[in-house]
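*Asks:* Structure, please.
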Amino acid sequence: MEEVIVKDKQKYLAKNYPFGDIPKLSEKRLCIHCDSVFTVGDYKVFKVKSGEEFICCPNAPECDGTVIDWFSTD
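*Replies:* All right, here's what the predicted structure looks like:
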């Protein structure tokens, strides 16, 4: 697994977010894998050997949470 450095995080999120409402980078989310609250803009992207990229918890790779594991804190 290799970390991908993303220059324009909002643009990347808009293109790759797998759900309907794309969050703003300033929004807060809870990762249920590591039980931490973080700012969406702190997300990381990792690429696996197959070339597929995953939007991950800012605590990755220690935390294996991806965007599907994030919940709104509102």
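*Asks:* For the chain, just list every one of the strands.
*Replies:* Counting by DSSP state E, one finds strands in the chain at the ranges 2-4, 28-31, 36-39, 44-47, 53-56, 70-72.
*Asks:* Output the ones you listed in a markdown table, with mean neighbour count appended to each entry.
*Replies:* In this view, the C-beta of every residue, glycine as well, is placed from N, C-alpha and C. Formatted as a markdown table, the strands of the chain follow (neighbours: other Cβ atoms under 10 Å):
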| stretch | mean neighbour count |
| --- | --- |
| strand 2-4 | 11 |
| strand 28-31 | 19 |
| strand 36-39 | 14 |
| strand 44-47 | 16 |
| strand 53-56 | 19 |
| strand 70-72 | 14 |
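*Asks:* Export the ones you listed as JSON lines, with columns for distance to Leu13 and mean pLDDT.
*Replies:* Conversion of the strands of the chain to JSON lines gives the following (distance: least, Cβ to Cβ, whole Å; pLDDT from 0 to 100):
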{"stretch": "strand 2-4", "distance to Leu13": "13", "mean pLDDT": "94"}
{"stretch": "strand 28-31", "distance to Leu13": "12", "mean pLDDT": "97"}
{"stretch": "strand 36-39", "distance to Leu13": "12", "mean pLDDT": "97"}
{"stretch": "strand 44-47", "distance to Leu13": "10", "mean pLDDT": "96"}
{"stretch": "strand 53-56", "distance to Leu13": "7", "mean pLDDT": "96"}
{"stretch": "strand 70-72", "distance to Leu13": "12", "mean pLDDT": "93"}
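*Asks:* Let me know which of those is the nearest to Cys63.
*Replies:* Nearest to Cys63, of all the strands of the chain, is strand 28-31, at 6.3 Å by Cβ to Cβ.
*Asks:* so what strands line up beside that closest one?
*Replies:* Using DSSP bridges, the neighbouring strands of strand 28-31 in the sheet come out as strand 36-39 (antiparallel), strand 70-72 (antiparallel).
*Asks:* hang on, the earlier thing: turn the strands of the chain into TSV, columns for distance to Asn16.
*Replies:* Converted to TSV, the strands of the chain look like this (distance: least, Cβ to Cβ, whole Å):
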stretch	distance to Asn16
strand 2-4	11
strand 28-31	16
strand 36-39	18
strand 44-47	8
strand 53-56	6
strand 70-72	14
